[in-house]
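*Asks:* fold the stuff below for me.
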Amino acid sequence: MVDLLVLGGLGMDVRVRVPALPLPAADSHTVEPIELRIGNTGAGVALAARALGLRVRVVDTLGADPAGDVVRTALTRAGVPAALAEDRGGTRRSVNLVDPGGARTSLYDPRPWRGGGPPFSTTEVAELVADARHVHLSIMDWTVPLLPTVRAALAPGVSLSTDLHDWDGANPYHRPFAEVADLVLVSGVRLADRAGTLAEALTPRTVVVTRGADGAELFPGDGTRVPVPAAAAPAPVVDSNGAGDAFAAGLIAGRLRGEPLTEAARYAARVAAAACTHDGMEYPSGLLPLR
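*Replies:* Sure, this is the predicted structure:
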């Protein structure tokens, strides 16, 4: 049995350090060496959770291309087993522009699934889900027809989480993922002061609204709101890519240890802050805080 099963969200990041964001208008900029590395949200959660000591497995599609090789090599290096289906459309990829303070802008190429049906059978998915203590769902298109199978295959007491990223609360694409999950993470960047309204609409689910350097808001599903202060980074911030994914991994790890929701969220803030002090998502041993 694994502690965490991550469904979807693997890809390759092209990391470019830029002099400022937004990027100054110019025909060209000389930058530091451009790095190709594992990235995207599922990888971020899986690698952070592995660095926190969890047994992790990922399930996703990858292309038979150099980008996919980057991802496969990184997963092997981290000791994260994967069930992978070949995608004719190629591997998802992002270009991440990172300024000197670690802030970033991402250009995301989702590479929609081009198969005639889901890349994994309901039997395969059910067996993988049943063998996990927690399941985290990335919002990949190929998972949508499998959501009922995922929900039904959860063992008693096992929770399902998802990250809706910068959802505005209205885009219908995100709603099936929100409705199937027990724990919903969402960035507050498009919600402004509507976080409470969204959380109420998703009751009785637990909703966590992340706000970067401003911390997070925790809505346990009982009508209350608990602020979660941001943690101080233990070293200079160099790269905020994957901070939200590290937060999710920390929250899942805390809950699997039996910590109360609020305590787990505070721990997750510490994990996210530490992740920002490292360039990339392959975290060296000891970087992320362990209990």
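*Asks:* use CA for all of it now, contacts and neighbours both
*Replies:* Fine.
*Asks:* give the contact list for the closest residue to residue 147 other than its chain neighbours.
*Replies:* Ranked by CA to CA, 6 or more residues apart in numbering and with sequence neighbours excluded, the top spatial neighbour of residue 147 is residue 180, at 7.1 Å. With contacts defined as CA atoms under 8 Å, 6 or more residues apart in numbering, the neighbours of residue 180 are 147-148, 151, 160.
*Asks:* dump stretch 9-16 to PDB, restricted to CA.
*Replies:* Extracted as PDB, the C-alpha positions of stretch 9-16 are listed here (Å, rounded to 0.1, in the frame of the first residue of the first chain):
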ATOM      1  CA  GLY A   9      -0.300  16.400 -13.500                       C
ATOM      2  CA  LEU A  10       3.100  15.300 -14.800                       C
ATOM      3  CA  GLY A  11       5.000  17.500 -17.200                       C
ATOM      4  CA  MET A  12       8.200  19.200 -18.000                       C
ATOM      5  CA  ASP A  13       9.100  22.800 -17.000                       C
ATOM      6  CA  VAL A  14      11.400  25.100 -19.000                       C
ATOM      7  CA  ARG A  15      12.700  27.400 -16.300                       C
ATOM      8  CA  VAL A  16      13.900  30.800 -17.400                       C
END
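*Asks:* among the contacts of residue 180, give me the pair with the biggest separation.
*Replies:* 148 and 160 (12.0 Å; CA to CA).
*Asks:* higher neighbour count, those two?
*Replies:* A direct count of neighbours by other CA atoms under 10 Å for residue 148 and residue 160 places residue 160 higher, at 21 against 14.
*Asks:* three-state assignment of that one?
*Replies:* Here residue 160 is strand, with the state taken from DSSP: H, G, I helix; E, B strand; the rest coil.
*Asks:* dig out what it forms beta bridges with.
*Replies:* residue 135 (DSSP bridges).
*Asks:* how about residue 84?
*Replies:* Using DSSP bridges, the bridge partners assigned to residue 84 are residue 60.
*Asks:* surely it and residue 62 touch.
*Replies:* Yes - under the criterion of CA atoms under 8 Å, residue 84 makes contact with residue 62 at 6.7 Å.
*Asks:* higher neighbour count, those two?
*Replies:* Set residue 84 next to residue 62 and count neighbours by other CA under 10 Å: residue 62 wins out with 27 against 17.
*Asks:* quick one: residues contacting the more buried one.
*Replies:* Residue 62 neighbours (CA under 8 Å, 6+ apart): 10-11, 68, 84-87, 90-92.
*Asks:* again with residue 129
*Replies:* By CA under 8 Å, 6+ apart, the contact list for residue 129 reads 5, 135, 150, 153-155.
*Asks:* tell me the one of these nearest residue 173?
*Replies:* Minimum distance to residue 173 across those is 17.7 Å, recorded for residue 150 (CA to CA).
*Asks:* doesn't residue 125 make contact with the closest one?
*Replies:* Yes - contact status for residue 150 versus residue 125: in contact at 6.9 Å, counting by CA under 8 Å.
*Asks:* those two: which is more packed in?
*Replies:* residue 150 (24 against 20).
*Asks:* any idea how far that one is from residue 1?
*Replies:* 16 Å (CA to CA, to the nearest Å).
*Asks:* can you check residue 49 too?
*Replies:* For residue 49 relative to residue 1 (CA to CA), the value is 15 Å.
*Asks:* and residue 208, what element?
*Replies:* Per DSSP states H and E, residue 208 falls inside strand 206-210.
*Asks:* gap between stretch 147-167 and the chain center?
*Replies:* Its chain's C-alpha centre and that of stretch 147-167 lie 14 Å apart, by CA atoms, centre = their mean, to the nearest Å.
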